[in-house]
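# give me the fold of what follows.
(one chain, ligands or ions: 1)
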Amino acid sequence: MADLAIETGGLTKRFRRQVAVDGIDLAVPRGAVYGFLGPNGSGKTTTIRMLLGLVGATAGGMRVLGEDMPSSTSTVLPRVGALVEGPAFAPFLSGAANLERLDTADRSAPGATRRDRVASALERVGLAHAARKKAHAYSLGMKQRLGLAGALLMPRELLVLDEPTNGLDPQGTREVRALIRSFAEDGTTVFVSSHLLAEVEQLCTHVGVMSAGRLVAQGPLDAFRDGGAARVHLRTPDAGPAQRVLDRLGLTADAAEPTPHADGADVVATLPDDVRPEEVVAALVADGVRVRGFEVRHASLEERFVALTGEGFEVAR
Ligand SMILES: Nc1ncnc2c1ncn2[C@@H]1O[C@H](COP(=O)(O)OP(=O)(O)OP(=O)(O)O)[C@@H](O)[C@H]1O
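As a prediction, the model looks like this:
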């Protein structure tokens, strides 16, 4: 069995009639940066709140860092750093004072090292220069980074981050992403929710896709990238003979009729796993088909996820 930082079985949350999370089986390997992807309202925040013991599950089980939750909350949570829903800070306290206050509330955090740990967490997120500034004067990006600093006051084995780049400008987004990468490089497992496919694609080693409360896909990101059928895009003035060659090789055309083009016509067909693109070109040429364009394209991650969830993803970065 893989060593899992988060594992759930049939995890379910119902709010009166509505099923927000519908029997999900999460498997988050240790050391992964796991992107928890799904459109708004698909159940990501509710799942995170259950994992952190902020709300009870209606049914199902969960283990976090190898321990049953919520029964082991008091021993597990000190090992987990969390950033959930835009952290609330005391506006008239400085960034450093806010972190000191937060740290004081953590019974596992030793007071003797508090000041040093606060300073190094601020340093880590690039806020050392603003340590004495009042939190209300922080930009949204700085507040978000202060929230991340709060999750880093103690060494953590797992970070759970709910939409950490929400509301940030592109620069702030890049900074937060770089920070998350640096946590992962230290060996921390990161579980990060997002409704932005591009973000998950750039950041994560693993992905879980939520749709209407269900986990519709999960696994290493590379498996999604390499999966998905390849299609050949052929441009030729000899569409009829081309189609016959493709049929013979077992390629199924996307449309009954090729798309007309000034330079002939475009034929698009799905390439079976056991046929190599060069065989297709050779067979076409051998049959006298004039090949004016030939390209093999894999379905993009976005196309695959849209197919899984039936919904579009925001592609904004
Ligand atoms: N406290 C609550 N009471 C009733 N319904 C709730 C509650 N919290 C969440 N829901 C519902 O559960 C569903 C899942 O919500 P959730 O916030 O988990 O989704 P999400 O994927 O995190 O979306 P978002 O990205 O918008 O936060 C939604 O339909 C939401 O309206």
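# residue nearest the centroid of the protein?
By Cα atoms, centre = their mean, the mean C-alpha position of the chain lies nearest to residue 35, the distance being 2.3 Å.
# hang on, that residue in a strand?
Yes. With DSSP: H, G, I helix; E, B strand; the rest coil as the criterion, residue 35 is located in a strand.
# what sits against it?
192-194, 199-200, 203-204, 206-208, 221 (Cβ atoms under 8 Å, 6 or more residues apart in numbering). All C-beta atoms are positioned from the backbone trio N, CA, C, and that covers glycine.
# now the two most distant members of those residues.
Greatest spatial distance in those: 193 and 221, 15.3 Å, computed using Cβ to Cβ.
# ok so, going back, partner residues bridging the residue nearest to the centre of the chain?
Counting by DSSP bridges, residue 35 forms beta bridges with residue 192, residue 207.
# from residue 253, how far out is it?
Per Cβ to Cβ, to the nearest Å, residue 35 is found 35 Å from residue 253.
# picking that back up, got a winner among the contacts of residue 35 for most neighbours?
Sorting those by how many neighbours each has (other Cβ atoms under 10 Å) puts residue 192 first, at 28 neighbours.
# test my guess that it contacts residue 165.
No. Using Cβ atoms under 8 Å, residue 192 is not in contact with residue 165; the gap is 9.1 Å.
# which residues do the two both contact?
With Cβ under 8 Å, 6+ apart as the test, residue 192 and residue 165 reach no residue in common.
# helix or strand for residue 97, which one?
Assigned by DSSP states H and E, residue 97 belongs to helix 95-104.
# what's in contact with that helix?
Applying Cβ under 8 Å, 6+ apart, the set of residues contacting helix 95-104 is 89-90, 93, 109, 111, 114-115, 117-119, 121-122, 127, 130-133, 135, 138, 142, 146, 149-150, 153-154.
# for ChimeraX, what selects the buried ones among these?
To isolate the buried members of those in ChimeraX, using 16 or more other Cβ atoms under 10 Å:
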select :89,109,114,117,118,121,122,127,130,131,135,138,142,146,149,150,153,154
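# and the spatially closest residue to residue 47 that is not a sequence neighbour, what does it touch?
Distance criterion Cβ to Cβ, 6 or more residues apart in numbering; nearest residue to residue 47, sequence neighbours excluded, is residue 21 at 5.3 Å. Listed by Cβ under 8 Å, 6+ apart, the contact partners of residue 21 are 11-13, 43, 46-47, 50, 213.
# could I get the CA-only coordinates of the helix or strand where residue 21 lies as CSV?
For residue 21, the enclosing helix or strand under DSSP H and E is strand 18-24. Extracted in CSV, the C-alpha atoms of strand 18-24 (Å, rounded to 0.1, in the frame of the first residue of the first chain):
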residue,chain,number,x,y,z
GLN,A,18,-28.4,18.5,-0.4
VAL,A,19,-25.4,16.2,-0.8
ALA,A,20,-22.4,18.5,-0.9
VAL,A,21,-19.8,15.6,-0.9
ASP,A,22,-21.0,12.3,-2.2
GLY,A,23,-19.0,9.2,-1.0
ILE,A,24,-15.5,10.2,-2.1
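# quick check: residues of the stretch 101-250 of the chain near the ligand?
residue 195 (Cβ under 6 Å from any ligand atom).
# by proximity to the ligand, which residue of the stretch 101-250 of the chain wins?
The minimum distance from the stretch 101-250 of the chain to the ligand, using Cβ to the nearest ligand atom, falls at residue 195 (5.4 Å).
# that residue and residue 250, how far apart?
Taking Cβ to Cβ, one finds residue 195 at 39 Å from residue 250.
# same check on residue 309?
According to Cβ to Cβ, residue 309 and residue 250 sit 30 Å apart.
# where do the strands sit along the stretch 151-300 of the chain?
Secondary structure of the stretch 151-300 of the chain (DSSP state E, counting those that start in this stretch): strands located at 158-162, 189-194, 206-211, 214-220, 230-236, 252-253, 259-261, 264-271, 293-298.
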